[in-house]
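Asker: turn this into a model:
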Amino acid sequence: MSADDPFRPLRDDVRMLGELLGETLRLRGGDGLFDTVERVRALAKRDAHALPDVLRQMPVQSAVPVARAFSHFLTLANIAEQHHRIRRRRHYLRKGSPGPQPGSCDEAFARLLGGGVSADALYQAVTSLRIELVLTAHPTEITRRTLVHKQLCIADALAQQDRPDLTTPERDRIMEDLRREIMAVWGTEDVRPRKPTPHQEIASGLLIFEQTVWDALPRFLRTLDAALRRATGRRLPIDATPIVFGSWIGGDRDGNPLITPDVTRYACMRAREVAARLYRREIDALRLELSMTDASPELRARAGSAREPYRAVLRELRDAIPRSPKAVPFSDDKSGLSPFLVATLQLCHRSLVETGQAIVAEGRLTDLLRRIAAFGDTLVRLDIRQHAKRHAAALDAVTRALGAGSYAKWSEPQRQEFLRRSLREAIAIPKDAAATTDAEVREVFDTFRTIASLPPDALGAYVISMAEQPSDVLAVQYLQRHFGSSLRSVPLFEEVDTLHRAGEIVRDLFAIPEYLTGAPSALDAVSARSALRRGKQEVMIGYSDSAKDGGRLAANWELYKAQEAVVSACRDANVDLTLFHGRGGSIGRGGGPTYLALQSQPPASVDGRLRVTVQGEMIQSQFGLPDIALRTLEVYTTATLEATLSVPPPVPQQWSEAMDRLAATAHGVYREVVYDDPRFVGYFRSATPEVELGAVPIGSRPAHRAKAADTDLGVESLRAIPWVFAWTQTRLLLPSWLGTGEALSAAIDRGELDVLRAMYRGWAFFGSTLKLIEMAIAEAEPRIAAEYDRQLVPDALRALGEDLRRRLDAAAKSVLRVVDAPRLLEHNAVLRRSIGVRNPYVDPINLVQIEVLRRLRSAGDEADQELWRAFMVTVNGIAAGMRTVG
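Answerer: Below you'll find the predicted structure:
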């Protein structure tokens, strides 16, 4: 890879894949299809304004293959870009010049040591890290697993092509493999015939462990160990677990009636089954490796008279692992298998070291011990999530059955008093309440009953959606106490008003003695005001709903202040805090580069502990390829470490006050447009494919929190993910920027431009927020959004669309003034180039989608399946071009 042109190999890959796709188009669609695609591509680059008229005149049955061609090209370009990331990483490792890769362990450790962190402090911080990546099912996940597998084969072929020692026959074979895979992709249905079931989503989530994570984690820990040894002279302990994994897939029942107690039990069982299979496979490989006969007396005593003592012990170990989790009922499996595995493998490790074979011990055996420490018996710990209102409804059934009145009608003090007394006196749930005919209440009780029956190591936290008061947490504590479970009760603060009160809510919670003494696993059994750490508290903050509620700029500031307030409340109460970040993949839902996001957190909010969601589409992009998975683990680790050890300068009060004003203006503008303008819902439903997206098979979870996604439901009921998804499809990306332009413009008019520029340069939070908004504005394409309006929006509502596009233009100009640049992404040439290259390929897909939407709406209930299939083809293509669905 040339230092003068590091992106030439990427361009070569994209060109080659495009040519192979062209061959496929000729073979499968004839010269007519190929020529049409080339004509549209040339027109999109030369005269994009003429493109709508050309595509509108094309019959849908002819336009859909064209859209598919552009969609597949964009997917191939994404594969090439991911492979180029791997290529660049290998270049850094191979050349070591001009220095370690930014974000790598070596680079981060050197920078921290150079900044005054001692070697001992660095070592202690690394060995104390606890990062948990929590996988979630994406309600708008659209890529079929079948196609993902074929895409991975293409990525593997690109990797093989980079080998410098390839013979001509080998290179020819790789090209044939690529032709074969691209042909197979073209011949495969892009669209699922039906929505995935929860069981399928569970299987898909676990597949990533078999696909990459199982091997990537020990590889990463070797990298971390080597870097730590170079930086501090000390090794990473074998049982260190800086990164572990959690999951919501099969446990997140908030708004999804398909996630039943049986599904949750299945999710835990399936995870144990996959873990057992992987452990058996690894022990088989270890048996082949450990053929030595020299062993310690301790191991000899265990192996008896066996000539190959290691193999004998490992055979016994393998036979102890059940082939099916059904062989070990959950109720009899509370202790787990891991302690037995660890004890036996550590015995082998000690023996190898004692007999002078330490180098053997440090290979596959150490990798397996590290896997057990990280994955345990279950690979992932399953979180349970439910809406606070569902718990309140269950408590209402309890209080009515007790003859105490209606919990639903009580004030917050009344609710707290009842729950405090119930925790103190262990008041049982009456049989009448437990036997209720209300299906939703019964499901809540059945869920807690199921949780109590599962092994503790199978489960993580109990997340309370839309938590707004201390009683929302106490309610879960009470239900757990009654049914005998002990998960961490984690309030999820999501909306702007709740975020504003987050610190107060946590302080009020800590002031309740029954919470401190009666909350299983929440606090240590020590004096309430001890100078020692009393315990732990986890708090989740939601980036998606807060942005939908108040806009990205205002939400970011409320999230920042909420974290500060919660950190302060926990510090004052002498409680260890773990913040759980509910980030999405898109900028509109708190997504963006990991390193940038973590470096912009408030001081002391990370402190070596972090939980963060990895949602749907991001699972594949962050962990789909082995080397990408390795890099992902490394970046999470170094970013968390730097956020823990770096001490940023205090934020000047002038900056905080300026941010308060910016957020207030942005929030007001956003609410005025989205919630107060009576035209908005009608415009949103006509200008975007929101209604149609709710009707296609792209996720098991309903798009709306309400029971039926009919046209009377407003933005309030719509989930944040499909909200962002709809705007991403039209490429207006409104949730990411609305309100920003007015806020910045008002500040500039007040004479605060120099202050804003100083904030941008000197405050990581404001700098990263503005950079992410700038990215979203650069990716937006108002010309395409205007075409949706022209074809789909009633005349009476088009003025609103024109106003939104004017606001986008004003936001771009205001951002440029603050960042002091002549054009968007002036300092991010890679992304600027990528957007410029992609747009001519995404534009035609959008224009086909507009025509398909027009026909779907005209046909109404009479629309045939081919039209719906055509719509889904365009959805796939736009998502590939934007590299996110929402």
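
Asker: please, where are all the helices along the stretch 51-200 of the chain?
Answerer: 51-56, 60-95, 105-114, 119-128, 145-161, 168-186, 198-208 (DSSP state H, counting those that start in this stretch).

Asker: name the residues of the fourth one that come out as buried.
Answerer: This means helix 119-128. 122-123, 125-127 (16 or more other C-beta atoms under 10 Å). C-beta coordinates here come from the backbone N, C-alpha and C atoms, glycine included.

Asker: also the third one?
Answerer: For helix 105-114, a neighbour-count test (16+ other C-beta under 10 Å) marks 105-110, 112 as buried.

Asker: which of those residues sits closest to residue 553?
Answerer: Checking those against residue 553 with C-beta to C-beta, the nearest one is residue 108 at 29.5 Å.

Asker: re earlier: including pLDDT and distance to residue 62, could the buried residues of helix 119-128 go into JSON lines?
Answerer: Output for the buried residues of helix 119-128, formatted as JSON lines (pLDDT from 0 to 100; distance: C-beta to C-beta, whole Å):
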{"residue": "122", "pLDDT": "98", "distance to residue 62": "62"}
{"residue": "123", "pLDDT": "98", "distance to residue 62": "64"}
{"residue": "125", "pLDDT": "98", "distance to residue 62": "60"}
{"residue": "126", "pLDDT": "98", "distance to residue 62": "59"}
{"residue": "127", "pLDDT": "97", "distance to residue 62": "62"}
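
Asker: between those, which is closest to residue 616?
Answerer: residue 126 (30.4 Å).

Asker: look up phi and psi at the residue lying closest to the closest one once chain neighbours are set aside.
Answerer: Once flanking residues are discounted, residue 126 sits nearest to residue 228: 5.7 Å by C-beta to C-beta, 6 or more residues apart in numbering. Backbone torsions for residue 228, taken as degrees, to the nearest 10, come to phi -70, psi -40.

Asker: where does the stretch 451-600 of the chain dip in pLDDT?
Answerer: The stretch 451-600 of the chain contains residues with pLDDT under 70 at 517-534, 585-592.

Asker: residue boundaries of the helices in it?
Answerer: Under DSSP H, counting those that start in this stretch, the stretch 451-600 of the chain gives helices at 470-483, 496-500, 502-510, 513-518, 543-550, 552-572, 594-599.

Asker: to residue 694, which of the ones you listed lies closest?
Answerer: Counting by C-beta to C-beta, residue 694 lies closest to helix 543-550 out of these; the figure is 15.9 Å.

Asker: give the buried residues for stretch 153-165.
Answerer: 153-159, 161.

Asker: just give me the closest of the residues you listed to residue 540.
Answerer: residue 155 (33.7 Å).

Asker: identify the residues contacting the closest one.
Answerer: 79, 82-83, 624-625 (C-beta atoms under 8 Å, 6 or more residues apart in numbering).

Asker: skip the chain neighbours and tell me the closest residue to it.
Answerer: Nearest to residue 155 is residue 79, by C-beta to C-beta, 6+ apart, at 5.2 Å.

Asker: so how far is residue 159 from that neighbour?
Answerer: Distance, residue 79 to residue 159, using C-beta to C-beta, to the nearest Å: 11 Å.

Asker: next one: residue 57
Answerer: 43 Å.

Asker: domain ranges for the chain, per the record?
Answerer: 274-375, 381-575+587-600, 665-882 (automatic domain parsing).

Asker: now the last one: average pLDDT?
Answerer: So that's domain 665-882. For domain 665-882, the mean per-residue pLDDT is 90.

Asker: for that domain, how far is the first residue from the last?
Answerer: With C-alpha to C-alpha, to the nearest Å as the measure, domain 665-882 spans 29 Å from end to end.

Asker: now swap in the shortest one and tell me
Answerer: Distance between the two ends of domain 274-375: 11 Å, counting by C-alpha to C-alpha.

Asker: over to the second one?
Answerer: Between the opening and closing residues of domain 381-575+587-600 lies a distance of 28 Å (C-alpha to C-alpha).

Asker: and which of the buried residues of helix 119-128 is nearest residue 302?
Answerer: Once C-beta to C-beta is applied, the member of these that ends up nearest residue 302 is residue 127, at 30.1 Å.

Asker: show me the contacts for that closest one.
Answerer: Residue 127 neighbours (C-beta under 8 Å, 6+ apart): 236-237, 240, 242.

Asker: do residue 216 as well
Answerer: Residue 216 neighbours (C-beta under 8 Å, 6+ apart): 623, 626, 629-630, 633.

Asker: just the buried ones from those?
Answerer: 623, 626, 629-630, 633.

Asker: quick one: which of those is nearest to residue 859?
Answerer: Taking the buried ones among the contacts of residue 216 together and measuring to residue 859 by C-beta to C-beta, the closest member is residue 623, at 40.4 Å.

Asker: just checking, the closest one touches residue 213?
Answerer: Yes: counting by C-beta atoms under 8 Å, residue 623 touches residue 213, with 5.9 Å between them.

Asker: joint contacts of the two?
Answerer: residue 629.

Asker: before we move on, the earlier item: what two of the contacts of residue 216 are the furthest from one another?
Answerer: 626 and 633 (11.0 Å).

Asker: any chance you could map the strands in the stretch 151-300 of the chain?
Answerer: Remark: strands assigned in the stretch 151-300 of the chain by DSSP state E, counting those that start in this stretch are 243-247.

Asker: now render the contacts of residue 216 as JSON lines, adding pLDDT, distance to residue 284 and secondary structure.
Answerer: Compiled in JSON lines, the contacts of residue 216 are given as follows (pLDDT from 0 to 100; distance: C-beta to C-beta, whole Å; DSSP: H, G, I helix; E, B strand; the rest coil):
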{"residue": "623", "pLDDT": "93", "distance to residue 284": "25", "secondary structure": "helix"}
{"residue": "626", "pLDDT": "91", "distance to residue 284": "21", "secondary structure": "helix"}
{"residue": "629", "pLDDT": "94", "distance to residue 284": "23", "secondary structure": "helix"}
{"residue": "630", "pLDDT": "95", "distance to residue 284": "24", "secondary structure": "helix"}
{"residue": "633", "pLDDT": "97", "distance to residue 284": "26", "secondary structure": "helix"}
